[in-house]
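**Q** Any chance you could fold what I've pasted below:
(2 chains)
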Amino acid sequence: MRTGRLLSSPEEERLTRPSPFARRAARGSIADVLAAWTIKICATLAIASLVLIFVFIGREALPILTSEELHEEVDVPRLFLPQPGEEGGSEFAWRPVSTPPRFSILPLFVGTLKATLIALLIAIPLAVGAAIFTSEFAPSLAREIIKPSIEILAGIPSVVIGFFVLMVLAGWLQSVFGWTFRLNAVTAGVGLSLAVIPIVYTVSEDALSSVPQTYREGSIAMGATRWQTAWRIALPAASPGILAACVLGFGRAVGETMIVLMASGNAAVLSFAPTDSILTFSAAIASELGDAVHGGAHYHVLFFIGAFLFVLTFVTNLAGQWWVTRLGRKLRGELVYVPTMPSPHVATGPGDA
Amino acid sequence: MPTAAKIETKDLHLWYRTFHALKGIHLAIPSRGITAIIGPSGCGKSTLLRTFNRMNDLIPGARVGGDVLLDGASIYRDALSLTQLRKRVGMVFQRPNPFPLSVYENVAYGPKIHGMNDLHGRVRRSLEQTGLWSELGDRWHVSALSLPPEQQQRLCISRLLAVEPEVLLMDEPCSALDPIATARIEELMIALKSTYTIVIVTHNMQQAARVSDYAAYMLLGELVEFAETDKVFTQPADSRTEEYISGRFG
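**A** Okay, here's the model as predicted:
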């Protein structure tokens, strides 16, 4: 390598001039560098926008923890602990515009959990069942019709689902079950399940379809029925993917706004009864943020709720991811298999001499 | 040839949609011992093997003509229970395909789905028969997928033995294995042949010569020759067999 020496002779210049081949390689490497930088910038922007969203929400939520001025109206204990009620006693109440305001987020939390739980209880069995049917039992023609049809469901705007539940389903359910409240956690959960089913179905179906055909052949060749093969071989082998599907479904159900806004009744009642009306986190933010005084206690509490939702879905996804990876490693034989039956060494039955 | 045929095919035809894959096979596979089916790629030997436990039923568009008899009874009759047939006629595949379960659960799978008793005894005996019992020691609960391919293949054989089959169909069971592993599987086959009727499809003519008692040579969907292995390899009756075993094609 030349170091700080000027070219002196034509001979040396000829030797150090890059060959045409090297020049082309250099041009290629410029394109490479450009491409690498473009990709890096795109990736950074994507991550940065996520971080910025979190920073923005966090910044607006932070005064709940730090602002002395705000603490006259609300602080963290008051979000979670019972407060003196209007007619004596104590209560968990979400009354953001009364005087004095009450900001207990517990009714919202329970409402969100109720709707999510009901939605998953309906959606997961239906979606996984449908996935098992199309991947294990249905003729290929039926699969080619059913799969895209359910996936199209995912494209239905949630406002349409909400409208349908509000105008049609809620009245029908009330007349069948005789509920006091037309809109309640169950109607919201049913509406949410319509949004969750396509996600859980698609991901589960892909997981089942990617189970190697050789497993099924091996099972069928042992004299197992298709049902036994699906239940005992294909389903366990696809379990990481199905679990991932459920985690995705949970995220969708917790965060979904328009359906619960329209179909839940929007009453912040602390109750574990599924037929009471509810107000969920997402619906509270959507319906109240526009009216909240900018910089006021209500405003910051809603951001605090947003941050809470963010952390909730983030932690769920992380835990789900960890579990999915673990299940996958177990299936591939990289982890010690936890026996579900006693080891043959332990057993000393009559035929085990 | 012994007269007691375990499996007998009568004018067996098979079509994959319009492709005529088996053309009138007449074959009587004797009870016990090892029968090898040899022939060039695409001659229909795997197809023939898969008619014996009706695995071809899974292929859309596959149609069977003629008949296959197991112990003299048709396995294509309407009243036949497919699960019972496949319990009697087990199959080992080209690539070892243990289930993504523990070693123990792989072997226990068959007895469980057939509701058989003495699970632990069965698992133990089947693993002993293939030599895995002593090799694995106490590693019962390791995932079957963590075993090397040769042990996986023997596990697949153990898995079949657990339901007490009568016939073992082996579809190129060693083609995914190295020579040492192949030798071990061949030893195992020879050890098992006094109890079970083994039918093996193989590409490897040396293997057929080493392990089999009877050999069937197939070409383009037809059975060219079937006789004792020694005879097929030393004095083939058909000139096409001779051309194949002398390595002129295939």
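
**Q** Please make it C-alpha for all contacts and neighbour counts, starting now.
**A** Will do.

**Q** Wondering if stretch A:217-236 reaches chain B at all.
**A** Yes: against chain B, stretch A:217-236 shows contacts by CA under 8 Å from any CA of the partner chain at A:218, A:220-225, A:228, A:233.

**Q** For B:E225, which three-state class applies?
**A** With DSSP: H, G, I helix; E, B strand; the rest coil as the basis, B:E225 sits in strand.

**Q** Could I get the full set of helices for the stretch 251-353 of chain A?
**A** For the stretch 251-353 of chain A, the helices defined by DSSP state H, counting those that start in this stretch cover A:258-263, A:281-288, A:297-331.

**Q** How about chain B?
**A** Ranges of helices within chain B are B:45-51, B:82-88, B:103-113, B:119-129, B:132-136, B:149-161, B:179-192, B:205-211, B:229-234, B:239-245, based on DSSP state H.

**Q** Count the neighbours of whatever residue of chain B ends up closest to chain A for me.
**A** Closest to chain A within chain B is B:T83: 4.0 Å, counting by CA to the nearest CA. Residues near B:T83, counting by other CA atoms under 10 Å in any protein chain shown, number 18.

**Q** Touching, it and A:R226? I think so.
**A** No: B:T83 lies out of contact with A:R226 (CA atoms under 8 Å); the separation is 10.3 Å.

**Q** was I right about B:G65 contacting B:K10?
**A** No: assessed by CA under 8 Å, B:G65 is found out of contact with B:K10, at 9.2 Å.

**Q** Tell me the residues of chain B that contact chain A?
**A** B:53, B:55, B:82-87, B:90-91, B:93, B:97-102, B:104, B:110, B:113-114, B:118, B:120-121, B:123-124, B:138, B:140-146, B:160.

**Q** Could you list the low-confidence segments of the stretch 1-150 of chain A?
**A** A:1-28 (pLDDT under 70).

**Q** residue in chain A nearest to chain B?
**A** A:G223 (4.0 Å).

**Q** in stretch B:112-128, what's buried?
**A** Residues of stretch B:112-128 classed as buried: B:113, B:119-127 (neighbour count, 16 or more other CA atoms under 10 Å in any protein chain shown).

**Q** Repeat that for stretch A:180-193.
**A** Residues of stretch A:180-193 classed as buried by neighbour count (16+ other CA under 10 Å): A:182-193.

**Q** I'd like the distance from it to the chain centre, please.
**A** Chain-centre distance of stretch A:180-193: 20 Å, with CA atoms, centre = their mean, to the nearest Å.

**Q** quick check: mean pLDDT across that stretch?
**A** Averaged across stretch A:180-193, pLDDT comes to 93.

**Q** Grab the CA positions of it and hand them over as CSV.
**A** What follows is stretch A:180-193 as a C-alpha-only set of coordinates in CSV (Å, rounded to 0.1, in the frame of the first residue of the first chain):
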residue,chain,number,x,y,z
THR,A,180,-81.2,-6.5,30.7
PHE,A,181,-78.6,-4.6,28.7
ARG,A,182,-78.9,-4.9,25.0
LEU,A,183,-75.2,-4.1,24.5
ASN,A,184,-72.8,-5.9,26.8
ALA,A,185,-69.6,-7.8,27.1
VAL,A,186,-71.0,-10.8,25.3
THR,A,187,-72.2,-8.8,22.3
ALA,A,188,-68.8,-7.0,22.2
GLY,A,189,-67.0,-10.3,22.5
VAL,A,190,-69.1,-11.8,19.7
GLY,A,191,-68.3,-8.9,17.5
LEU,A,192,-64.6,-9.0,18.4
SER,A,193,-64.5,-12.7,17.6
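
**Q** Give me the contact list for that stretch.
**A** For stretch A:180-193, contacts defined as CA atoms under 8 Å, 6 or more residues apart in numbering or on different chains pick out A:111, A:114-120, A:122-123, A:161-162, A:165-166, A:169-171, A:173-174, A:253, A:256, A:259-260, A:263-265, A:274-278.

**Q** Quick check on those: which are buried?
**A** If you count burial by 16+ other CA under 10 Å, the buried members of the contacts of stretch A:180-193 come out as A:111, A:114-120, A:122-123, A:161-162, A:165-166, A:169-171, A:173-174, A:253, A:256, A:259-260, A:263-265, A:274-278.

**Q** related to what we said a few turns ago, any of the residues of stretch A:217-236 next to chain B buried? List them.
**A** Here, 16+ other CA under 10 Å leaves A:218, A:220-224, A:233 buried among these.

**Q** Tabulate those residues (a markdown table), appending distance to A:D75, secondary structure and pLDDT.
**A** Below are these laid out as a markdown table (distance: CA to CA, whole Å; DSSP: H, G, I helix; E, B strand; the rest coil; pLDDT from 0 to 100):
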| residue | distance to A:D75 | secondary structure | pLDDT |
| --- | --- | --- | --- |
| A:G218 | 62 | helix | 93 |
| A:I220 | 62 | helix | 93 |
| A:A221 | 65 | helix | 92 |
| A:M222 | 64 | coil | 92 |
| A:G223 | 65 | coil | 90 |
| A:A224 | 61 | coil | 92 |
| A:I233 | 52 | helix | 93 |
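
**Q** ok, back up a step: now the buried members of the residues of chain B next to chain A.
**A** Among the residues of chain B next to chain A, the ones that count as buried by 16+ other CA under 10 Å are B:53, B:55, B:82-83, B:85-87, B:90-91, B:93, B:97-102, B:104, B:110, B:113, B:120-121, B:123-124, B:140-146, B:160.

**Q** Looking at chain B, which residue reaches furthest from the middle?
**A** Relative to the centre of chain B, and counting by CA atoms, centre = their mean, the farthest-placed residue is B:D138 at 29.6 Å.

**Q** who wins for proximity to A:A142 among the helices of the stretch 251-353 of chain A?
**A** Of all the helices of the stretch 251-353 of chain A, helix A:297-331 sits nearest to A:A142, with 29.5 Å by CA to CA.

**Q** tell me, what residue is most central in chain A?
**A** Chain A, centroid-nearest residue using CA atoms, centre = their mean: A:G251 at 2.1 Å.

**Q** Look up how far A:S277 lies from that one.
**A** 22 Å (CA to CA, to the nearest Å).

**Q** Check A:G189 too.
**A** Counting by CA to CA - A:G189 and A:S277 are separated by 11 Å.

**Q** A:V200 too?
**A** Distance of A:V200 to A:S277, given as CA to CA: 26 Å.

**Q** Now for B:I7: which residues touch it?
**A** B:27-31, B:52, B:68-72 are the contacts of B:I7 under CA under 8 Å, 6+ apart.

**Q** Good, wrapping up.
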